[in-house]
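Trainee: Predicted structure and sequence below. I'll ask about it afterward.
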Amino acid sequence: PICTFCNCTSLTRIKSTLFANNAYLETLGCSNSSNNQMTGSWSSYESENWGAFAKCTALTTLQAGLFDNNPLLQRMDWCFQGDYNLLSLPNDMFKYNTELQYLCYTFGGCTGLTSLPADFLKYSDNIADVYKCFYNCNNLTALPTTLFATDKEFTANNISNIFENCSKLTAIPAHTFDSFTKITSATYTFSGCSLLSTLPADLLKFCTVLQNVEGMFAYCSSLTTIPSTYFTYNNNITNINWLFRNSGIQELQSGTFNPNWQLQNYLYGLFYGCSHLTTLPAKMFGDNPYITQFQSATSGSSSDYYFNFRGCTSLTSLPVGLLDGLPNLTYICIFGYSSIQRLGKIFGDSSTSTTRNITNFSYCFYNCDSLTEIESGVFDQFTNADNFGYTFYDNNNLYIIPDYLFANNTKVTNFQYTFYYDTHINEIPSHLFPDTQSGWGSQSSINFTGMFYAYNNAPTIGTVQDIWNIPGKSLTSSSCFRGRTNLTNYNDIPSNWKN
């Protein structure tokens, strides 16, 4: 009887004996698998009414025993989705439904629910999916400590979005997910829980195969920190994108990120929009040999880069050694659009840091309008670096570039737009690069296109190094010094480096 009563907007009561003679009833909802009525992803059907009583908006209560005679009932996806006047659920609602497996969207949008019965799934040992089960239950104020109590382990591999937009939940009981030992995905689990302020330290203790926690705390505006041991038992996580997006996070405690994580190459939106974030720990990712790249994905244009600290307006400085402990990190692109004012020794001391194999810094500090100064030695340990394209692009308040900033980076092939539109640079140092005649490596070409491009008559002074005389290299030079007309040796710069 899938969708049999959906959209019956005047239905106020369901008799407890409605399914009394249906001992073989298996389905009161729908699947997203190809062998059922519905195909494709869940999201493509989010606005549809696929459950037996979905969008029965006048329904206020459910009778006890409604499903007592349906021992084979397995699927209840969307069953009561959108029943926004449903005020309560009966105790032991699924007591005799030991085969129950699927509860996706089952109570999604039931905004009248303020609480849930204890032992909700006490007798249902075969739960396979609870995706968005209580999604948008925005008047739910508390969860019972035994919500999913059972003496067996569920087969479910997904608890994603289960409490998304439950905006009045203030806390989660400690053992809520103890039975979900096989889950690999917990994306957006608490996203939009704007009153959630605390989390149990061992909430995910038994979720040892968990891989994806993307957006788990997104828009949790009352959450100021999470316990340092929260992810201690989750060694297999590969995706933490958007983890704290637009949350109230103020501090990330040392040890929060498990050093066994083998994070995917793209890391984006981690602290996006966290305007209250002030403190990050040294060695934020621990001593992690598995992390190789920190790229930021884009949504199609440079203005929409999903940089990890964009909007973190209270985070103005970074600790010494923030990214120390990552010996195999080769690509770093995560600080764009941040509010940091100085770089400091974020990779650790150049003589002791284990993070020294980064080769690609492209876009790393892109559009950091609060950055005023680059300290000496920031890149000294990265002797294999080959790409500084767009690294400090459009940093409107950058004033100070230190001498010898790139002196150790003899293998670079790309300086394209490194300081593009950084109009207020006081001075370009005279020893910024390796020695012109003998300091460069064996690379065959170097791209200096637009490296210092600025508006006309930028105030920048200095006697720049004669990089146009580097021997034995193919040099791309268009507009490298365009607009830097106040340089002492501006007239000595070849025209193709200025136009």
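Mentor: Cool, the structure landed. Numbering: from 1, shown residues only.
Trainee: buried residues in stretch 233-240?
Mentor: By neighbour count with 16 or more other C-beta atoms under 10 Å, stretch 233-240 contains the buried residues 234, 237, 239-240. Heads up, the C-betas are built off the backbone N, CA and C, glycines and all.
Trainee: who touches it?
Mentor: If you take C-beta atoms under 8 Å, 6 or more residues apart in numbering as the criterion, stretch 233-240 is touched by 187, 202, 204-214, 231, 257-258, 260-264, 267, 270.
Trainee: Quick one, which of the residues you listed are buried?
Mentor: If you count burial by 16+ other C-beta under 10 Å, the buried members of these come out as 187, 202, 204-207, 210-214, 231, 257-258, 261, 263-264, 267, 270.
Trainee: nearest residue to residue 473 other than its sequence neighbours?
Mentor: Nearest-residue entry for residue 473: residue 446, 5.4 Å, with adjacent residues in sequence omitted and distances by C-beta to C-beta, 6 or more residues apart in numbering.
Trainee: For the one you found, grab phi and psi.
Mentor: phi -140, psi 130 (degrees, to the nearest 10).
Trainee: Over to residue 492?
Mentor: Taking degrees, to the nearest 10, you get phi -80, psi -10 for the backbone angles of residue 492.
Trainee: Quantify the burial of it by counting its neighbouring residues.
Mentor: Summarising burial for residue 492: neighbours were counted as other C-beta atoms under 10 Å, giving 11.
Trainee: for residue 271, same thing?
Mentor: By the other C-beta under 10 Å criterion, the neighbourhood of residue 271 contains 25 residues.
Trainee: And it, how far from residue 331?
Mentor: 19 Å (C-beta to C-beta, to the nearest Å).
Trainee: Isn't the residue nearest to residue 473 up against residue 412?
Mentor: Yes - because the distance of 6.6 Å satisfies C-beta atoms under 8 Å, residue 446 is recorded as touching residue 412.
Trainee: Looking at those two, which one has more neighbours?
Mentor: More crowded of residue 446 and residue 412, by other C-beta under 10 Å: residue 412, with 26 against 22.
Trainee: hang on, that one packs against residue 386?
Mentor: Yes - distance between residue 412 and residue 386: 5.4 Å, which falls inside the contact criterion (C-beta under 8 Å).
Trainee: joint contacts of the two?
Mentor: Overlap of the contact sets of residue 412 and residue 386 (by C-beta under 8 Å, 6+ apart) consists of residue 443.
Trainee: Could you look up the next helix or strand downstream of the worst-scoring helix or strand of the chain on mean pLDDT?
Mentor: Comparing helices and strands within the chain by mean pLDDT, DSSP states H and E singles out strand 293-294 as the least confident, with a mean of 89. Scanning the chain past strand 293-294 towards its C-terminal end, the next helix or strand to appear is strand 331-332 (assignment: DSSP states H and E).
Trainee: Just give the closest residue to residue 27, not the sequence neighbours.
Mentor: Take residue 27 and drop its neighbours on the chain: the residue closest to it by C-beta to C-beta, 6+ apart is residue 75, 4.5 Å away.
Trainee: Check the one you found and give its pLDDT.
Mentor: pLDDT, residue 75: 95.
Trainee: what's the burial count for it?
Mentor: Neighbours of residue 75 under the rule other C-beta under 10 Å: 24.
Trainee: can you pull the contacts of it?
Mentor: 26-31, 101-102.
Trainee: next one: residue 459
Mentor: Here residue 459 is in contact with 423-424, 426, 486 (C-beta under 8 Å, 6+ apart).
Trainee: Also residue 412?
Mentor: Counting by C-beta under 8 Å, 6+ apart, residue 412 makes contact with 385-388, 406, 443, 446.
Trainee: about what we covered before: dump the contacts of residue 459 to a markdown table, plus secondary structure.
Mentor: Putting the contacts of residue 459 into a markdown table (DSSP: H, G, I helix; E, B strand; the rest coil) gives the following:
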| residue | secondary structure |
| --- | --- |
| 423 | coil |
| 424 | coil |
| 426 | coil |
| 486 | coil |
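Trainee: So which of the residues you listed wins on neighbours?
Mentor: residue 423 (20 neighbours).
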